[in-house]
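Undergrad: coords please:
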Amino acid sequence: MKNLILTLFCVLIFNLAIAQEDEAYLIQFHYMEVTGDTEEFIKTNKEFYKKLAQKGVAEEKWAGWGMMQSWSEPNKFLFFHHFKSPKQYAAFDFSIFNNDLAQELGLETPNWETFEAKGIAPLEIWQIVDNVLSEQQSSYFIMNEFKFTDRQKFVDLNRLWGELVMKPQQKENIGANWAFGMKLTNNHWEDGQMVNYNGISFDGFPSIEALLKSATYIDNSPNQNKYLETYMKEIEERQLSSASDARKQSIWKFIDDSWN
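TA: All right, here's what the predicted structure looks like:
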């Protein structure tokens with residue numbers, strides 16, 4: 001694998017460096033639901049937990065931290081815990097989030113009584129495989145989740161999207177960032193089919209207007225995207241159109257990360 005400098009969540013969602021093929025870059029997903037003052041919860045993460053996360057990065061205990069908020073359900077959040085390799089993940093524990101360190105850093109104690117936060121799904125480990133980045137950070141994302149059983153077909157399909165559709169448009173679509181990956185844990189098959197979603201991609205946009213405009217249908221508007229046409233032709237020739245069995249989408253707002 002070529003050297004990759006992935007800066008989503010610094011430019012988009014992730015900030016990482018994959019140097020060797022056997023050093024898979026991992027991200028742990030942590031979904032949370034908040035009852036009470038969500039703005040205070042956001043403030044607590046930006047001014048308290050983020051500082052502790054940055055300390056952990058400086059000590060090379062993990063590679064980073066990121067936070068997004070559901071656009072359709074604003075009391076739900078997705079946290080990203082970044083690891084440069086399985087080895088770094090295996091050695092990690094959450095002791096970086098402790099009161100002694102917070103006092104050492106001079107952090108103000110959050111107003112814990114204004115909200116309650118709880119996990120709403122098992123922790124998931126994902127491998128980020130590839131990406132295409134612009135020069136501007138994305139503010140909103142469409143998160144696409146897929147079901148697939150043939151890993152190589154799924155990788156080939158997504159890499160073609162990056163090469164044939166995303167890369168040629170980077171100069172004209174500032175803020176349009178993209179990445180994809182695969183779930184490594186909590187996968188389930190039945191009768192040879194994937195039961196849960198085990199593939200993922202992120203499409204980044206500079207604003208919610210740009211995101212919604214991309215999905216808008218307009219009568220009698222011909223498809224002028226030559227890159228998409230090339231892509232569709234290529235995946236048909238390679239028989240990759242059936243690489244995934246199902247897909248669902250959700251919209252997320254970028255809140256903060258340990259690189260800002």
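Undergrad: how far does stretch 139-158 stretch from start to finish?
TA: Taking CA to CA, to the nearest Å, the first and last residues of stretch 139-158 lie 22 Å apart.
Undergrad: what residues sit buried inside that stretch?
TA: In terms of neighbour count (16 or more other CB atoms under 10 Å), stretch 139-158 has its buried residues at 139-148, 153-155, 157-158. Where C-beta positions appear, they are placed from N, C-alpha and C, glycine not excepted.
Undergrad: and that stretch, how far from the chain's centre?
TA: With CA atoms, centre = their mean, to the nearest Å as the basis, stretch 139-158 stands 12 Å off its chain's centre.
Undergrad: now that stretch: mean pLDDT?
TA: The average pLDDT for stretch 139-158 rounds to 96.
Undergrad: also stretch 92-108?
TA: Taken as a whole, stretch 92-108 has a mean pLDDT of 92.
Undergrad: again with stretch 197-209
TA: Averaged over stretch 197-209, pLDDT sits at 95.
Undergrad: off-centre distance for that stretch?
TA: Centre-to-centre, stretch 197-209 and its host chain are 8 Å apart (CA atoms, centre = their mean).
Undergrad: which outside residues touch that stretch?
TA: 8, 12-13, 71, 126, 136, 138-148, 154, 158, 161, 174-183, 187, 211, 214, 244, 246, 248, 251, 253 (CB atoms under 8 Å, 6 or more residues apart in numbering).
Undergrad: tell me which of those residues fall in strands.
TA: Among the contacts of stretch 197-209, DSSP state E puts 126, 140-147, 178-183, 246, 248, 251, 253 in strands.
Undergrad: note down every partner strand of the strand or helix carrying Asp203 and its orientation.
TA: Asp203 belongs to strand 199-205 when elements are defined using DSSP states H and E. Using DSSP bridges, the strands paired with strand 199-205 are strand 140-147 (antiparallel), strand 178-183 (antiparallel).
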